[in-house]
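A.B. asks: My questions are about this predicted structure, shown below with the sequence.
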Amino acid sequence: MSSEHEPRLTEPLQASYLIREGQPVKISCRFDASPQIDIEWLKDGNPIDFEALGISRDFKVVKEVDYTALLIKEAFPEDTGSYTVVIRNALGEARSFTQLSVEEFFCRTPESEMSETLCKPTIVQPLLDTNINEGEKLKLHAAINGHPEPEIIWYRNNIPLKNSRDLTLTFDGQLCKLIKDRCEKENDAGIYRITAVNSMGQTESTCQVSIQSNGINMFRTRAQSNRSLPMFIQALQDATLHEGEKLLFELRADGQPKPQIVWYKDNQPLKNTFDRK
């Protein structure tokens, strides 16, 4: 008699998780399945695409013969949601669900309780010193109150920062956030400062960001040192042929990075067609 069977949950996911912002969380379950299984994790019903989300260093999936876990190194409010693990094999699948709730690290003042009295900005939650590894995502947070709503300015080593493709700065009236993808020690370590300014005054908070090198820069320096201009190893040769015959030109080129090849006839660039490649 065959022992093969569809996946069965022996220890499903915990019904819910409630944690504080910045804390790690492990969402795990145990199962029994034969033959070999495939495991997929979903958030709010959608497969978690770690590379596309740029969170591959914040989220990690553990897969064993009868166990799987989703590890979140530092959980933040945006990680709140419904999580599902799907365990499949050729005979069927099993699913388990849980709800993750991540509380903000400061107690947000309800709008109904916020005073309309003019006051200078005050730091409710300061920036905290942070240590990360090179290539990881940097996340800094501070909570600020003030009326009228203050203008927020971020600095790194006294140089103002602005939103860019890999740097996101947000302020919702109380909570300030800085998120920087794929940090480099040379470009991202240092003293970070946030300044809050309104018509009544200003305040600031600072922190030290330390980034541990993991060899990325060493690899990049080595790669850059190997760069070279394009050069022909095998040049083109003159060709003579009869009308209707196939024309074939060959050459070999080298260069680092790999050079782009463009063909010309009578100084006009050529493109691929059905009879020209």
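C.D. replies: Thanks, I have the structure now.

A.B. asks: Nearest residue to residue 42 in space, please, no chain neighbours.
C.D. replies: residue 84 (4.2 Å; Cβ to Cβ, 6 or more residues apart in numbering). Bear in mind the C-beta positions are built from the backbone N, C-alpha and C, glycine included.

A.B. asks: Equivalent analysis for residue 139, please.
C.D. replies: Per Cβ to Cβ, 6+ apart, closest to residue 139 is residue 179, 5.4 Å.

A.B. asks: Which parts of the stretch 1-150 of the chain are helices?
C.D. replies: 50-53 (DSSP state H, counting those that start in this stretch).

A.B. asks: Contact partners for residue 66?
C.D. replies: Residue 66 is in contact with 10, 30, 31, 32, 33, counting by Cβ atoms under 8 Å, 6 or more residues apart in numbering.

A.B. asks: Report the lowest-confidence entry in the residues you listed.
C.D. replies: Least confident entry in the contacts of residue 66, by pLDDT: residue 33, with 90.

A.B. asks: Within its local environment, how many residues does the residue lying closest to it once chain neighbours are set aside see?
C.D. replies: Excluding the flanking residues, the one nearest residue 33 by Cβ to Cβ, 6+ apart is residue 7, at 3.8 Å. When neighbours are counted by other Cβ atoms under 10 Å, residue 7 registers 20.

A.B. asks: now swap in the one 10 residues further on and tell me
C.D. replies: Other residues near residue 17 number 18, with proximity taken as other Cβ under 10 Å.

A.B. asks: where does it land on pLDDT?
C.D. replies: Residue 17 carries a pLDDT score of 91 in this model.

A.B. asks: Any idea what it is bridged to?
C.D. replies: residue 100 (DSSP bridges).

A.B. asks: just residue 197 next, same as before
C.D. replies: Counting by DSSP bridges, residue 197 forms beta bridges with residue 151, residue 202.

A.B. asks: What is the burial count for it?
C.D. replies: Neighbour number of residue 197 under other Cβ under 10 Å is 16.

A.B. asks: pLDDT value on residue 248, please?
C.D. replies: In this model, residue 248 carries a pLDDT of 80.

A.B. asks: related to what we said a few turns ago, quick one: which of the contacts of residue 66 has the most company?
C.D. replies: Tallying neighbours with other Cβ under 10 Å puts residue 33 at the head of these, with 24 neighbours.

A.B. asks: Just to check, that one is in contact with residue 87?
C.D. replies: Yes: here residue 33 lies in contact with residue 87, judged by Cβ atoms under 8 Å, at a distance of 6.2 Å.

A.B. asks: what sits in contact with each of the two?
C.D. replies: 7, 94.

A.B. asks: related to what we said a few turns ago, gap between the residue nearest to residue 42 and residue 208?
C.D. replies: According to Cβ to Cβ, to the nearest Å, residue 84 and residue 208 sit 39 Å apart.

A.B. asks: Pull the contacting residues for residue 41.
C.D. replies: 47, 48, 61, 70, 83, 84, 85, 86.

A.B. asks: where's it relative to residue 47, distance?
C.D. replies: For residue 41 relative to residue 47 (Cβ to Cβ), the value is 7 Å.

A.B. asks: ok, back up a step: and the contacts of residue 41, which of them are buried?
C.D. replies: Among these, those classed as buried by 16 or more other Cβ atoms under 10 Å are 48, 70, 83, 84, 85, 86.

A.B. asks: circling back: among the contacts of residue 66, which lie within strands?
C.D. replies: 10, 30, 31, 32, 33 (DSSP state E).

A.B. asks: Was I right to think the fourth one contacts residue 6?
C.D. replies: What that stands for is residue 32. No: taking Cβ under 8 Å as the definition, residue 32 is not a contact partner of residue 6, at 9.8 Å.

A.B. asks: Is the residue nearest to residue 67 when sequence neighbours are not counted bridged to anything, and to what?
C.D. replies: Spatially, and ignoring its direct neighbours in sequence, residue 67 is nearest to residue 30 (5.2 Å; Cβ to Cβ, 6+ apart). Bridge pairing for residue 30 (DSSP bridges) gives the partners residue 11, residue 67.

A.B. asks: Tell me which residues touch residue 207, please.
C.D. replies: 126, 127, 128, 129, 130, 140, 191, 192.

A.B. asks: which one of those residues has the most neighbours?
C.D. replies: Busiest of these [other Cβ under 10 Å] is residue 192, holding 24 neighbours.

A.B. asks: So residue 65 versus residue 33, what's the distance?
C.D. replies: Look at residue 65 and residue 33: by Cβ to Cβ, they are 9 Å apart.
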